[in-house]
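Q: Okay, sequence plus prediction incoming.
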Amino acid sequence: MIVQDLETRIIDVLSVVLQVPPAAIIDDASTQTINTWDSLRHINLISVLEEEFDIELEVSQITRMTSFSIVLKEMRLALNEKQKKL
């Protein structure tokens, strides 16, 4: 998977789940800067990411995923782990 493609797909998921325009998903976008990123939408976000990428995130990863940059980092790690298992 191309890095840009991964980033674009994650931005698309965040945009839909958080109901914000894709342009609002910048590196420092977080639970602190996006008003709609509340606990319920966070759960929805995790569910959609797991389904979209066919992965299962660990609780520790889920609790860290409070900004776009961290979501991107944790998704890269999860996808790398998935590749190792194949």
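A: Looks like it came in fine.
Q: May I have the secondary structure class of I26?
A: At I26 the chain is in coil, as set by DSSP: H, G, I helix; E, B strand; the rest coil.
Q: Next up, the contacts around the nearest residue to it once chain neighbours are set aside.
A: The shortest distance from I26 to any non-neighbouring residue, by CB to CB, 6 or more residues apart in numbering, is to F68 (6.9 Å). The C-beta positions use only the backbone N, C-alpha and C, and glycine is treated the same way. Contacts for F68 were tallied using CB atoms under 8 Å, 6 or more residues apart in numbering; they are I10, I11, L14, I25, I26, D27, D28, A29, S30.
Q: Could you count how many residues lie near the closest residue to the last one other than its chain neighbours?
A: Across the structure, with CB to CB, 6+ apart as the measure, the residue nearest S30 apart from its sequence neighbours is S67 (3.6 Å). Using other CB atoms under 10 Å, the number of residues around S67 comes to 19.
Q: L14 too?
A: 24.
Q: per-residue pLDDT, it?
A: pLDDT, L14: 98.
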